[in-house]
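**Q** quick one: sequence and predicted model below, then my questions.
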Amino acid sequence: MIFGFNTDLRVGPTVFHVQTEDRGLQNPVIDTTVYCKGRIVHRRVSGYNDLIPSLEFAPHRLRERLEIQHRAIIEELRSGSLKVDEPAGASRPTPIEGIHVQLTNPASWLSAGTATLKLEVKTRADGGPAAGAQVEVIVSGGPESKSFSGRTDRSGLAELSFPLPRAGGGGMELVIRATRGHEADELRYSLKPRPRS
């Protein structure tokens, strides 16, 4: 299955969005993209052909490598060692609005055919909990799309648990969406079937 990480990071007055994704066994690379004000300001791609022979038995090794690259970029941004070309006006403080949804258990959300998604929704302005946000998970790619929903508690947390529908031959897509009033955010994951040996 394909893994991914998303982090919003404030460095001084500038907010970056760091996204790291596995491109799948057909294109075995780990791709990290850094956004600032909606524009790509840095990209890092690394291959993992060396892991492929053991992926079927140790998928956690790929997830660990994704996390290492993701955290390395974040630390380089924090320390200033990663120089990026910020969009014009990015150095000036601007009001930050909206919410941010994150999957807090990306390595353990699926067990014995049951999905248990632990979600956290925060406000982008101060990183505080977004209480009362509507969270919805949409699973598509099988015989029919399924959706599951709930609301965040006072700590901005929600947990959705459901049997994972059967995937189609091309895998499935998992969309995690959070809304609160006019604010919204979402995550998308492509779930590919594990190749048979």
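**A** Thanks, I have the structure now. Numbers count the residues shown, from 1 in each chain.
**Q** make it CA atoms for all contacts and neighbour counts henceforth
**A** OK.
**Q** can you confirm residue 85 is in a helix?
**A** No - secondary structure assignment (DSSP: H, G, I helix; E, B strand; the rest coil) places residue 85 in coil, not in a helix.
**Q** right, and it touches residue 41 too?
**A** Yes - applying Cα atoms under 8 Å as the test, residue 85 and residue 41 come out as touching, 5.7 Å apart.
**Q** who has more neighbours, the two?
**A** residue 41 (16 against 10; other Cα atoms under 10 Å).
**Q** and the helix or strand hosting that one, which residues are buried?
**A** Following DSSP states H and E, one finds residue 41 within strand 39-47. Under the neighbour-count criterion of 16 or more other Cα atoms under 10 Å, strand 39-47 has 40, 41, 42 buried.
**Q** wait, the second one touches residue 82, no?
**A** Right, residue 41. No - look at residue 41 against residue 82 with Cα under 8 Å: they stay out of range, at 10.7 Å.
**Q** not counting sequence-adjacent ones, nearest residue to residue 25?
**A** In this structure, residue 25 finds its nearest non-sequential neighbour in residue 52, 7.7 Å apart by Cα to Cα, 6 or more residues apart in numbering.
**Q** can you give me the helices in this structure?
**A** 59-79 (DSSP state H).
**Q** could you chop it up by domain?
**A** Domain segmentation of the chain under automatic domain parsing yields 4-79, 99-191.
**Q** list the buried residues in the least confident helix or strand in the chain by mean pLDDT.
**A** Lowest on mean pLDDT, DSSP states H and E among the helices and strands of the chain sits strand 183-191, with a mean of 84. Neighbour counts over strand 183-191 (16+ other Cα under 10 Å) mark 184, 185, 186, 187, 189, 190, 191 as buried.
**Q** CA-only coordinates of that strand in PDB, if you can.
**A** Provided in PDB are the C-alpha atoms of strand 183-191 (Å, rounded to 0.1, in the frame of the first residue of the first chain):
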ATOM      1  CA  GLU A 183     -13.300  25.900   6.200                       C
ATOM      2  CA  ALA A 184     -12.200  22.600   4.700                       C
ATOM      3  CA  ASP A 185      -9.100  20.400   4.200                       C
ATOM      4  CA  GLU A 186      -8.600  16.900   2.900                       C
ATOM      5  CA  LEU A 187      -6.000  14.100   2.500                       C
ATOM      6  CA  ARG A 188      -5.900  11.600  -0.400                       C
ATOM      7  CA  TYR A 189      -4.300   8.200  -0.300                       C
ATOM      8  CA  SER A 190      -4.000   5.700  -3.200                       C
ATOM      9  CA  LEU A 191      -4.200   2.200  -1.900                       C
END
